[in-house]
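*Asks:* Pasting the sequence and the predicted coordinates here, then a few questions.
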Amino acid sequence: MRVKHWFETIKKSIWLYPVLYSLMAALLAAVVVLLDNGYIFDLQPYLPELFLTSGSLAKSVLGIISSAFINITTFTFSTTMVVLTIYMSEFSPRVVENFLSDERTMKSFGIFVSGFIYSILCMLFIREEFLTKPILAGTIGVIYIIFGLFNFILFINSVGKHIQASNLIDRLYDRAAEDITVYKEEIAQYKNITKKELKQHMPGQPIKSSENGYIQQIDYNQMLRTAKKYGVIIRFNNVMGHFVTNQVVIGELLFVPDDVDHNEVMEDIQNSILVGTRRTEEQDFRFSIQKIVEVAVKSLSPGINDPNTAIFCINNLGLLLGDLSNLKEGYVVMEEEAEAGKIYRESYDMDRILRETFLQIIHYGEVDVYVMIAVIKAYRHIISESDHISNEIIKKHAKYLFDRLMDGTSDPMEKEMFLDAYQEIIQIKN
């Protein structure tokens with residue numbers, strides 16, 4: 001699992017494309033230099049004269065190209081810093097990584113840096129004796145700068161889209177919706193039990209984290225293989241994205257055969273859990289939801305005062321939680337027929353998700369009538385998507401908000417608007 005995470009980290013790192021493209025540019029420069037110097041074969045019989053230039057012209061062109069690439073790189077870097085500043089000041093520091101991990105941004109850096117490397121390497125190996133000899137380096141450089149300018153336009157277009165709040169929210173929504181779909185498909189093949197049904201197995205031997213940090217990934221399939229291998233029963237808490245220390249109990253071994261080494265089982269289980277220094281969106285759709293919440297809260301701050309963005313966030317949050325409304329609380333029982341060993345994997349708690357999603361928005365947006373009505377309508381949508389499993393929980397939150405709003409205002413028109421929105425929830429039968 002750690003090797004897989006290492007590859008994923010490299011894939012998302014900001015230096016991958018610049019380093020990869022720079023190596024490719026150095027290789028291209030080496031091949032072009034060898035061709036121009038005739039070490040591989042003579043180019044002139046195979047290429048039209050139109051594609052070949054003199055060494056002196058190529059050197060001049062490559063000098064201009066290298067200057068252009070370094071200027072574009074500088075401008076791109078400055079633009080990126082401006083975007084990061086906007087993200088941190090107007091949205092949330094947590095969404096900065098969403099821009100930095102965007103492939104278009106990093107590929108643009110890679111193309112500009114690699115173009116500069118190609119140009120200066122080719123210039124370095126153009127000798128005086130080849131100044132009048134037809135060579136290919138200048139032509140390749142011209143093609144490279146045209147390709148670079150095209151990508152520069154794409155980069156500017158990408159930046160323009162990234163700094164728009166609606167586009168950022170859409171990307172966060174898409175990521176969360178994708179992760180929710182994966183999670184629902186993953187647990188659909190297993191049955192659920194209530195917490196009361198599981199109490200017959202408790203308590204057990206505590207499972208603790210091996211490191212301090214955030215739970216980034218849990219390989220439940222690997223953990224299930226461990227359970228089948230040793231014939232053990234594991235209860236694992238829903239701690240994805242939580243901060244843990246090496247003293248925090250994150251699960252329990254409810255049953256271990258007498259002939260099995262407890263420490264060996266514990267080590268295999270801990271190898272299925274990845275703990276890191278920061279929270280990630282891998283397997284953690286709640287982190288994407290949290291980012292949308294932070295954008296909504298930020299837009300409600302007096303310095304920004306953009307309630308329409310908050311309403312847009314609330315609408316998307318309602319859609320996401322509507323997808324989660326049919327999840328059953330309790331534990332997902334991961335087991336296979338005729339196989340010893342199983343995992344009790346705690347399901348997501350709808351009550352907790354609702355609190356984490358809307359309470360901050362309610363606290364900071366309570367003075368705005370339309371923001372609060374948007375929250376009530378979000379509750380209405382969540383209930384409409386539910387198959388009555390979570391209706392009571394959702395109605396409890398809606399009742400809390402309605403009572404709070406009615407107590408907090410004396411304006412008859414506002415009370416009427418709140419009542420009209422809340423009536424739609426009351427009319428829904430459990």
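*Replies:* Arrived safely.

*Asks:* Quick check: buried residues in stretch 151-163?
*Replies:* Asn151, Phe152, Phe155, Ser158, Val159, His162, Ile163 (16 or more other C-beta atoms under 10 Å). C-beta: built from backbone N, CA, C; applies to glycine.

*Asks:* from those residues, which is closest to Leu27?
*Replies:* Nearest to Leu27, judged by C-beta to C-beta, of those is Asn151 at 19.4 Å.

*Asks:* The stretch 201-350 of the chain: strands as residue ranges?
*Replies:* Secondary structure of the stretch 201-350 of the chain (DSSP state E, counting those that start in this stretch): strands located at 205-208, 213-218, 233-236, 243-244, 249-255, 273-276, 331-334, 342-346.

*Asks:* Let's have those in CSV, adding mean neighbour count, distance to Ser410 and mean pLDDT.
*Replies:* Converted to CSV, the strands of the stretch 201-350 of the chain look like this (neighbours: other C-beta atoms under 10 Å; distance: least, C-beta to C-beta, whole Å; pLDDT from 0 to 100):
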stretch, mean neighbour count, distance to Ser410, mean pLDDT
strand 205-208, 16, 53, 82
strand 213-218, 21, 45, 83
strand 233-236, 22, 50, 84
strand 243-244, 16, 42, 84
strand 249-255, 19, 48, 81
strand 273-276, 20, 50, 82
strand 331-334, 21, 47, 84
strand 342-346, 22, 44, 84
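
*Asks:* For those strands, give me CSV that also has distance to Leu300.
*Replies:* Below are the strands of the stretch 201-350 of the chain laid out as CSV (distance: least, C-beta to C-beta, whole Å):
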stretch, distance to Leu300
strand 205-208, 39
strand 213-218, 27
strand 233-236, 37
strand 243-244, 26
strand 249-255, 35
strand 273-276, 31
strand 331-334, 36
strand 342-346, 32
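
*Asks:* Out of those, which is closest to Ile120?
*Replies:* Nearest to Ile120, of these and by C-beta to C-beta, is strand 273-276 at 38.2 Å.

*Asks:* who does that closest one pair up with?
*Replies:* Paired neighbours of strand 273-276 in the sheet (DSSP bridges): strand 213-218 (antiparallel).

*Asks:* Give me the contact list for the strand it pairs with.
*Replies:* 1, 5, 209, 236, 239-244, 250, 272-280, 282-284 (C-beta atoms under 8 Å, 6 or more residues apart in numbering).

*Asks:* Among the buried residues of stretch 151-163, which ones are in helices?
*Replies:* The members of the buried residues of stretch 151-163 that map onto helices under DSSP state H are Asn151, Phe152, Phe155, Ser158, Val159, His162.

*Asks:* Dump those to CSV, plus pLDDT and distance to Ile353.
*Replies:* Below are these laid out as CSV (pLDDT from 0 to 100; distance: C-beta to C-beta, whole Å):
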residue, pLDDT, distance to Ile353
Asn151, 86, 41
Phe152, 86, 42
Phe155, 84, 37
Ser158, 81, 32
Val159, 80, 33
His162, 76, 28
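
*Asks:* Quick check: Ile169 touching Ile292?
*Replies:* Yes - here Ile169 reaches Ile292: they are 6.1 Å apart, a contact under C-beta atoms under 8 Å.

*Asks:* what residues are shared contacts of the two?
*Replies:* Cys313, Asn316.

*Asks:* In terms of neighbours, single out the busier of those two.
*Replies:* Taking neighbours as other C-beta atoms under 10 Å, Ile169 and Ile292 compare with Ile292 leading, 25 against 22.

*Asks:* how near is that one to Ala378?
*Replies:* 12 Å (C-beta to C-beta, to the nearest Å).

*Asks:* Which residues are in contact with each of the two?
*Replies:* Joint contacts of Ile292 and Ala378 (C-beta under 8 Å, 6+ apart) are Leu317.

*Asks:* And for Phe109, nearest residue in space, chain neighbours not counted?
*Replies:* Pro18 (5.0 Å; C-beta to C-beta, 6 or more residues apart in numbering).

*Asks:* Could you pull out the buried residues of the helix or strand where the one you found lies?
*Replies:* Element membership for Pro18, per DSSP states H and E: helix 16-36. In terms of neighbour count (16+ other C-beta under 10 Å), helix 16-36 has its buried residues at Leu16, Tyr17, Pro18, Tyr21, Ser22, Ala25, Leu28, Ala29, Val32, Val33, Leu35, Asp36.

*Asks:* Could you tell me the angle between whatever helix or strand comes next after it and helix 16-36?
*Replies:* As assigned by DSSP H and E, the chain's next helix or strand after helix 16-36 is helix 55-86. If you take axes from the mean of the first three to the mean of the last three C-alpha atoms, to 10 degrees, helix 55-86 sits at 180 degrees to helix 16-36.

*Asks:* Rounded mean pLDDT for the helix or strand following helix 55-86, please.
*Replies:* Per DSSP H and E, the first helix or strand lying C-terminal to helix 55-86 is helix 96-100. Helix 96-100 comes out with an average pLDDT of 72.

*Asks:* helices and strands around helix 96-100, which ones?
*Replies:* Counting contacts by 3 or more C-beta pairs under 8 Å, 6 or more residues apart in numbering; DSSP states H and E, helix 96-100 packs against helix 55-86, helix 165-187.

*Asks:* same for the shortest one, what does it pack against?
*Replies:* The helices and strands touching helix 165-187, judged by 3+ C-beta pairs under 8 Å, 6+ apart, are helix 96-100, helix 285-299, helix 307-324.

*Asks:* same thing but 7 Å
*Replies:* helix 285-299, helix 307-324 (3 or more C-beta pairs under 7 Å, 6 or more residues apart in numbering; DSSP states H and E).

*Asks:* Check the first one too.
*Replies:* Counting contacts by 3+ C-beta pairs under 7 Å, 6+ apart, helix 55-86 is packed against helix 96-100, helix 103-124, helix 137-162.

*Asks:* Nearest approach to Thr139 belongs to which of the helices and strands packed on helix 165-187?
*Replies:* helix 285-299 (46.6 Å).

*Asks:* quick one: the closest one to helix 307-324, angle?
*Replies:* Using the same axes, to 10 degrees: helix 285-299 against helix 307-324 is 160 degrees.

*Asks:* Could you tell me the average pLDDT over helix 285-299, please?
*Replies:* Computed over helix 285-299, the average pLDDT equals 88.

*Asks:* One more: stretch 37-46?
*Replies:* 64.

*Asks:* Same question for stretch 108-128.
*Replies:* Mean predicted confidence for stretch 108-128 is 83.

*Asks:* how far is it from where the chain is centred?
*Replies:* Centroid separation between stretch 108-128 and its chain, computed with C-alpha atoms, centre = their mean, to the nearest Å, is 34 Å.

*Asks:* Need the contact partners of that stretch.
*Replies:* If you take C-beta atoms under 7 Å, 6 or more residues apart in numbering as the criterion, stretch 108-128 is touched by 17-18, 20-22, 24-26, 28-29, 32-33, 55, 58-59, 62-63, 65-66, 69-70, 72-73, 76, 137, 141, 144-145, 148, 151-152, 155.
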